[in-house]
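>>> test case, fold it:
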Amino acid sequence: MTDKTMSADQAVARLESGMTLGIGGWGARRKPMALVRALLRSEVTDLTVVSYGGPDVGLLAAAGRIRKLVTAFVTLDSIPLEPHYRAARESGAIELTEVDEAMFMWGLHAAANRLPFLPVRAGLGSDVLRADPGLRTVTSPYADPSTGVREEFVAMPALRLDAALVHMNRADRLGNGQYLGPDPYFDDLFCEAADAAYVSCERIVDTADLVKEAAPQTLLLKRSSVTGVVETPNGAHFTSCAPDYGRDEAFQKLYASTGHAEFAERFLSGDEHAYQRAVEAWQKEGTP
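Residues are numbered from 1 along each chain as shown. I've put the predicted structure just below:
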């Protein structure tokens, strides 16, 4: 067993341009924003990003780091459509593969199990197949015993990832990760579908402490699927990380209404400590 702790910049230093990068969380909930900000400080670009998208996608798209996006949606939750993603998409700056939410999940399942695809009912009868002519259907080799019919399915291809970034409430130094909020958001699948997985967390604790105040079922990530662990208090800001903190709605509104260059100059021009200081200064201004 190995101590896998590292800094956010050390984790991002292992990423390369052209990679397929999975980013966990869901919309504006428990996104690994400190790792995304570290990625923006790097020179990594030309990424294929796989994400149930939120401001992670918006920031990377606005900075010109995404070549292709694979997603089921890109939202800020209380703001239905992520505005910086929308601008990038409308300008044709990124290539898009859009699938049903369940298709996305089963694509991660296929990758996690090292399968080329999995058959799913999701997507049948929808415009998903029209929008992506590369998708295929398969016919079950087994007939339904009551009807004799062999059912047709969408063959959802595996969403194999070169690397994944996720955020947890707690983790130990070995890579075991714990969520304490209402939903795991498929972060375990992102890690298992990836060749390397980097986990940021609100706090690193001893392994025994992971189950002192929460049920064993909250241990979402296994150390065998985690490459590095980064302690980043407030590291999901401005998305939520329940129960540690909720979404910073006021700051999210600022982000959504501000041009990327202006936002980056004010909040992303330094390291993570500088970001946190800039946010605190903005909050002290009492800006609505």
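>>> pull stretch 17-26 out as PDB, backbone CA atoms only.
Taking Å, rounded to 0.1, in the frame of the first residue of the first chain, the C-alpha atoms of stretch 17-26 are listed here in PDB:
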ATOM      1  CA  SER A  17      -2.600  17.300 -24.500                       C
ATOM      2  CA  GLY A  18      -4.900  15.100 -26.600                       C
ATOM      3  CA  MET A  19      -6.100  12.900 -23.800                       C
ATOM      4  CA  THR A  20      -9.600  11.800 -23.200                       C
ATOM      5  CA  LEU A  21     -10.400  13.200 -19.700                       C
ATOM      6  CA  GLY A  22     -13.400  12.200 -17.600                       C
ATOM      7  CA  ILE A  23     -14.600  14.700 -15.000                       C
ATOM      8  CA  GLY A  24     -17.000  13.500 -12.300                       C
ATOM      9  CA  GLY A  25     -19.800  15.200 -10.400                       C
ATOM     10  CA  TRP A  26     -23.100  16.300 -11.900                       C
END
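>>> list the buried ones in it?
19-26 (16 or more other Cβ atoms under 10 Å). The C-beta positions use only the backbone N, C-alpha and C, and glycine is treated the same way.
>>> got it, and stretch 210-220?
Within stretch 210-220, the residues that count as buried by 16+ other Cβ under 10 Å are 210, 218-220.
>>> that older thread, which pair in the buried residues of stretch 17-26 has the greatest spatial separation?
Spatially, the most separated pair among the buried residues of stretch 17-26 is Met19 and Trp26, at 21.8 Å (Cβ to Cβ).
>>> the closest residue in space to Met1 that isn't next to it in sequence is in what secondary structure piece?
Counting by Cβ to Cβ, 6 or more residues apart in numbering, Met1 lies nearest to Leu174, which is 5.3 Å off, once chain neighbours are set aside. Element membership of Leu174, judged by DSSP states H and E, is empty: it is in no helix or strand.
>>> same question for Ala281.
Secondary structure assigned from DSSP H and E places Ala281 in helix 272-284.
>>> assign Leu69 to helix, strand or coil.
The local conformation at Leu69, judged by DSSP: H, G, I helix; E, B strand; the rest coil, is strand.
>>> beta-bridge partners for it, please?
Legend: beta-bridge partners of Leu69 under DSSP bridges are Val49, Leu96.
>>> count the residues that sit near the spatially closest residue to Ala242 that is not a sequence neighbour.
Nearest non-adjacent residue to Ala242, counting by Cβ to Cβ, 6+ apart: Gly181, 3.7 Å away. Counted by other Cβ atoms under 10 Å, the residues lying close to Gly181 total 16.
>>> surely Ala112 meets Ala193?
Yes. The pair Ala112 and Ala193 qualifies as a contact (Cβ atoms under 8 Å) at a distance of 4.7 Å.
>>> re earlier: out of the buried residues of stretch 210-220, which sit inside strands?
The strands, defined by DSSP state E, take in 219-220 from these.
>>> any idea which of the buried residues of stretch 210-220 is closest to Ala63?
When these are ranked by distance to Ala63 (Cβ to Cβ), Leu220 comes first, at 29.3 Å.
>>> the spatially closest residue to Asp188 that is not a sequence neighbour: what's it in contact with?
Distances taken as Cβ to Cβ, 6+ apart put Leu220 closest to Asp188, at 5.0 Å, once the chain neighbours are dropped. Contacts of Leu220 were listed using Cβ atoms under 8 Å, 6 or more residues apart in numbering, and they are 168, 177-179, 184, 187-188.
>>> can you point out the buried residues in the one helix or strand Asp56 maps to?
Assigned by DSSP H and E, Asp56 belongs to helix 55-62. Residues 55-62 are the ones in helix 55-62 that count as buried (16+ other Cβ under 10 Å).
>>> next one: stretch 69-84
Residues of stretch 69-84 classed as buried: 69-77, 79, 82-84 (neighbour count, 16+ other Cβ under 10 Å).
>>> can I get those in a markdown table including distance to Asp127 and secondary structure?
Conversion of the buried residues of stretch 69-84 to a markdown table gives the following (distance: Cβ to Cβ, whole Å; DSSP: H, G, I helix; E, B strand; the rest coil):
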| residue | distance to Asp127 | secondary structure |
| --- | --- | --- |
| Leu69 | 18 | strand |
| Val70 | 17 | strand |
| Thr71 | 16 | strand |
| Ala72 | 14 | coil |
| Phe73 | 15 | coil |
| Val74 | 18 | strand |
| Thr75 | 19 | coil |
| Leu76 | 24 | coil |
| Asp77 | 24 | coil |
| Ile79 | 25 | coil |
| Glu82 | 21 | coil |
| Pro83 | 24 | helix |
| His84 | 25 | helix |
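>>> good, wrapping up.
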